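Peer 1: Provided below are the primary sequence and the corresponding predicted coordinates.
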Amino acid sequence: MKVSNETKVGALTVIAITLIILGFNFLRGKTIFKSGNFIYAKYTDTKGLIVSNPVFVNGFQVGTVFEIENENPNLSQIVVAIKLNDSYKIPKNSVATIQDNPLGTNSISVVLGDAKDYFKSGDTIKTAPAASLLGDLMNTLSPLGEQTKKTITALEQVLTNINVVLNDKNKENIQVVLTNLAATTENLNKSMAAIQLMLDKQNGSIAQTADNINSFTKNLNENNKKINNIIDNLDSGTKAIKEVDLTKTIKTIQEAVAQITITLQKLNTGDGTAAKVLNDKAMYDGLQSTIKSINTLVDDIKVHPKRYINVSVFGKKDKSMPLVKPLADTASHE
């Protein structure tokens, strides 16, 4: 049977188209015959995920996105078929999230769980929304932005308070304070200069004081022997005083006091002349009368000497009455 050229051209065209479709699907990660290990994930937002996007577990690619299908007419849930490259043991409590990368290719990241049971081909894995890199950055910067806003608000309040405080009158006061500070600083500089002058090693007063102290210390050191001799003499004098028989001296004084006491007792209570003179009223009065008579006689001799001395060449004997009491000056001594 002879085949026409038209039939050959048609068959070759069909075969070429079929190979092109199969090759294109192969390059996209799809095969015309669905075979291998598949798990499914359901998302409400695929974030621009396309067929042949990689699937990673701990940064290792374990598969690719095989196909993306709409499960509901209202596009509320989208099913993503993941073709695994091998029979991997993925725990059933693992979670698949879409990693949105605006600078590259989106991907699916599977966070492994700790279950002992593993997915089989055809199972559905749990999903969770994952923020994009830009979203993560914005979430990180959001608290910082709020804090920056608060800081700016606080700075504005501080500047407002400063403007309120720094009115014209307060500015003048601050100027006065600054002037006083300048004067104080100048005085401090003068004081520091004076202190520096005092601390001068050659001419400063502190240096001179130190020299005087050194000189005094030197003199003490040179006269140390003399000082020791003086201290030794003081020790000797103290020792001599200590060695004096003070007990005997005190005893002698006590005996003398006892003798004086006995004498006074005799004067007060004895029968002798001295005791009678001190204690006998009559003897005292007699002595007083005798003294008075003696004074009268002496005064009479002074006043009338001729009565007692009878030697006269031209005169005659004094026959006036004798004195009966001493003169006033003599009586005053009674």
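Peer 2: Done, it's in.

Peer 1: Tell me which stretches of the stretch 101-250 of the chain form helices.
Peer 2: 133-165, 168-198, 205-222, 224-243, 246-269 (DSSP state H, counting those that start in this stretch).

Peer 1: need the ones you listed in a markdown table with mean pLDDT and distance to residue 67, can you?
Peer 2: Just so you know, the C-beta spots here come from the backbone N, C-alpha and C atoms, and that holds for glycine as well. Below are the helices of the stretch 101-250 of the chain laid out as a markdown table (pLDDT from 0 to 100; distance: least, C-beta to C-beta, whole Å):
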| stretch | mean pLDDT | distance to residue 67 |
| --- | --- | --- |
| helix 133-165 | 72 | 26 |
| helix 168-198 | 81 | 76 |
| helix 205-222 | 77 | 98 |
| helix 224-243 | 76 | 114 |
| helix 246-269 | 78 | 133 |
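
Peer 1: Serialize these to a markdown table and add fields for distance to residue 72 and mean neighbour count.
Peer 2: A markdown table is the format used below for the helices of the stretch 101-250 of the chain (distance: least, C-beta to C-beta, whole Å; neighbours: other C-beta atoms under 10 Å):
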| stretch | distance to residue 72 | mean neighbour count |
| --- | --- | --- |
| helix 133-165 | 26 | 10 |
| helix 168-198 | 72 | 10 |
| helix 205-222 | 99 | 11 |
| helix 224-243 | 117 | 10 |
| helix 246-269 | 133 | 10 |
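
Peer 1: how about the ones you listed in a markdown table, adding distance to residue 121?
Peer 2: Below are those laid out as a markdown table (distance: least, C-beta to C-beta, whole Å):
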| stretch | distance to residue 121 |
| --- | --- |
| helix 133-165 | 32 |
| helix 168-198 | 82 |
| helix 205-222 | 99 |
| helix 224-243 | 112 |
| helix 246-269 | 129 |
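
Peer 1: out of these, nearest to residue 100?
Peer 2: Within the helices of the stretch 101-250 of the chain, the stretch nearest residue 100 is helix 133-165; the backing value is 7.2 Å (C-beta to C-beta).

Peer 1: Distance-wise, check residue 173 relative to residue 162.
Peer 2: 15 Å (C-beta to C-beta, to the nearest Å).

Peer 1: do the same with residue 218
Peer 2: 65 Å.

Peer 1: And residue 4, by the same measure?
Peer 2: If you go by C-beta to C-beta, the gap between residue 4 and residue 162 works out to 100 Å.

Peer 1: got it, and residue 67?
Peer 2: 66 Å.

Peer 1: can you check residue 79 too?
Peer 2: 63 Å.

Peer 1: now residue 263
Peer 2: 105 Å.

Peer 1: And for residue 172?
Peer 2: From residue 172 to residue 162 the distance is 16 Å (C-beta to C-beta).

Peer 1: same deal with residue 84?
Peer 2: Applying C-beta to C-beta to residue 84 and residue 162 gives a distance of 67 Å.
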